[in-house]
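J.: Everything below, folded, please.
(one chain, ligands or ions: 2)
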Amino acid sequence: MTTTHKGACFCGSVQIEVTGEPAAMGYCHCESCRHWSAGPVNAFTLWPPANVKITKGADNVGKFAKTPRSIRQWCKTCGGHLLTEHPEMGLTDVYAAILPKLDFKPGLHVFYEETTLRIPDGKPKQKDVPAELGGSGVLLAE
Ligand SMILES: [Zn+2]
Ligand SMILES: [Zn+2]
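T.: Ligands and ions are numbered 1, 2, ... in the order given. Predicted structure coming up:
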């Protein structure tokens with residue numbers, strides 16, 4: 001049986017569904033995530049794009065790509081953030097806050113080099129991203 005998790009934007013006009021298990025979950029500390037979200041970290045869940053479906057309001061989704069690596073998407077009615085496509089990584093980040101029923105189990109921190117909020121939780125602190133995702137794989141102290 002395949003697990004399905006439903007989510008929605010802040011106003012509910014965009015609805016989203018993810019199926020299966022995320023490829024990874026954790027926290028991103030990068031400057032771009034912080035600047036765009038206006039928050040100190042982004043709690044991410046990464047999925048193969050085929051497992052992510054916008055089930056309602058797809059024509060109400062705005063998109064912005066400051067770099068080709070991240071296509072950030074939000075609801076045009078409420079401004080609530082939904083997801084970021086990472087085409088080079090082949091994964092889509094559906095923000096953990098959008099999937100309230102998903103059991104969020106962060107496994108790592110990425111772009112800890114850029115952190116403004118240290119989180120000493122014992123999880124690995126990647127300088128950028130793991131080598132298998134095209135990064136340096138270098139670990140930093142908490
Ligand atoms: Zn909305
Ligand atoms: Zn980030």
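J.: residues in contact with the closest residue to residue 69 other than its chain neighbours?
T.: Spatial nearest neighbour of residue 69, excluding adjacent residues (CB to CB, 6 or more residues apart in numbering): residue 88 at 5.3 Å. For the C-beta atoms, the positions are set from N, CA and C on the backbone; glycine is no exception. Residue 88 sits next to 68-69, 134 when contact means CB atoms under 8 Å, 6 or more residues apart in numbering.
J.: In a markdown table, list those along with distance to ligand 1 and pLDDT.
T.: Shown next, in a markdown table, are those (distance: CB to the ion, whole Å; pLDDT from 0 to 100):
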| residue | distance to ligand 1 | pLDDT |
| --- | --- | --- |
| 68 | 26 | 95 |
| 69 | 25 | 93 |
| 134 | 32 | 88 |
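J.: Make CSV out of those and add secondary structure and neighbour count.
T.: As requested, the contacts of residue 88 are exported to CSV (DSSP: H, G, I helix; E, B strand; the rest coil; neighbours: other CB atoms under 10 Å):
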residue, secondary structure, neighbour count
68, coil, 9
69, coil, 14
134, coil, 13
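J.: Which of those residues sits closest to ligand 2?
T.: Nearest to ligand 2, judged by CB to the ion, of the contacts of residue 88 is residue 69 at 9.9 Å.
J.: The closest one is in contact with residue 87, isn't it?
T.: Yes: Residue 69 is within contact range of residue 87, at 7.4 Å (criterion: CB atoms under 8 Å).
J.: Pull the number of nearby residues for residue 50.
T.: Residue 50: 9 surrounding residues under other CB atoms under 10 Å.
J.: I'm done for today, thanks for sticking with me.
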